[in-house]
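Asker: Okay, structure incoming, though there's no sequence with it:
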């Protein structure tokens, strides 16, 4: 089973962790696109006795793991189809996920991660980087109230809320941004919001029907149990199902040729 090593830059003790390839059991357990769902999935995939709980990870480190997971499942390139508001034609917006990560990491501000779970500047100002547990603690509030409460959890008093927000955005950025794309038919420029966490989880949810079809294919061809099929690594399951489909197609062509 494939694994990818990912550096956590905002943990209390920065470390390199191993993220294993998901199995069907991991994929079918996904039931939402929120932080709780992301934490549950990552907790299943982080390997090693010393691996941290995803609930204790900063959002920036969580996104680093989700980016690694996207590369495992679909590769580095992201392509999404939009509909032009000017001419109603569909067009693709595509980009390299690693390029977005490099852009976000190219921080030339005074704020930087201190290696102890905080962001600091040259004047000694310091804020704790919030964890998933902090995010979930305030999620029931209005966006404004949640931002204020999260800032307080980061150690920012009311006068420093905007300062803390800027510090985290610059030193612990997440893959949640606006992108621009141009319709190839009419040239109209569009702005599209991209949030890696919800995008990846929704992609897994959208594949649920395909996953069930692959399970049916393998069970029918090999007589394997549901438990055995769900324990297969994603890439193994998909490769076997594809091979069966190709063999069935060749067999159908031979039968047709003999008629």
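Answerer: Right, received. Where do you want to start? Small disclaimer: the values here were computed from a predicted structure and weren't measured.
Asker: And the strands in the stretch 51-200 of the chain, which stretches?
Answerer: Under the criterion DSSP state E, counting those that start in this stretch, strands of the stretch 51-200 of the chain are mapped to 77-83, 90-96, 112-113, 118-120, 126-128, 176-182, 189-195.
Asker: Can you give the distance of the first one from its chain's centre?
Answerer: I take that to be strand 77-83. With CA atoms, centre = their mean, to the nearest Å as the basis, strand 77-83 stands 16 Å off its chain's centre.
Asker: So what touches that strand?
Answerer: With contacts defined as CB atoms under 8 Å, 6 or more residues apart in numbering, strand 77-83 is touched by 70, 89-97, 181, 190, 192, 194, 199. Where C-beta positions appear, they are placed from N, C-alpha and C, glycine not excepted.
Asker: quick one: which of the strands of the stretch 51-200 of the chain has the weakest pLDDT on average?
Answerer: Lowest mean pLDDT within these: strand 112-113, at a mean of 88.
Asker: Output the contacting helices and strands for that strand.
Answerer: strand 118-120 (3 or more CB pairs under 8 Å, 6 or more residues apart in numbering; DSSP states H and E).
Asker: chain center to the strand it packs on: distance?
Answerer: 24 Å.
Asker: And the helices in the stretch 101-250 of the chain?
Answerer: Remark: helices assigned in the stretch 101-250 of the chain by DSSP state H, counting those that start in this stretch are 132-138, 143-153, 161-171, 196-206, 208-222, 226-230, 234-258.
Asker: Other residues contacting the shortest one?
Answerer: Right, the one you point to is helix 226-230. With contacts defined as CB under 8 Å, 6+ apart, helix 226-230 is touched by 23, 24, 25, 28, 214, 215, 218, 219, 237.
Asker: can you put the strands of the stretch 51-200 of the chain in TSV and add distance to residue 104 and mean neighbour count?
Answerer: Shown next, in TSV, are these (distance: least, CB to CB, whole Å; neighbours: other CB atoms under 10 Å):
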stretch	distance to residue 104	mean neighbour count
strand 77-83	15	13
strand 90-96	12	13
strand 112-113	13	17
strand 118-120	14	21
strand 126-128	18	20
strand 176-182	8	13
strand 189-195	12	13
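Asker: can I get those strands in TSV with distance to residue 157?
Answerer: Shown next, in TSV, are the strands of the stretch 51-200 of the chain (distance: least, CB to CB, whole Å):
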stretch	distance to residue 157
strand 77-83	39
strand 90-96	38
strand 112-113	22
strand 118-120	16
strand 126-128	11
strand 176-182	25
strand 189-195	29
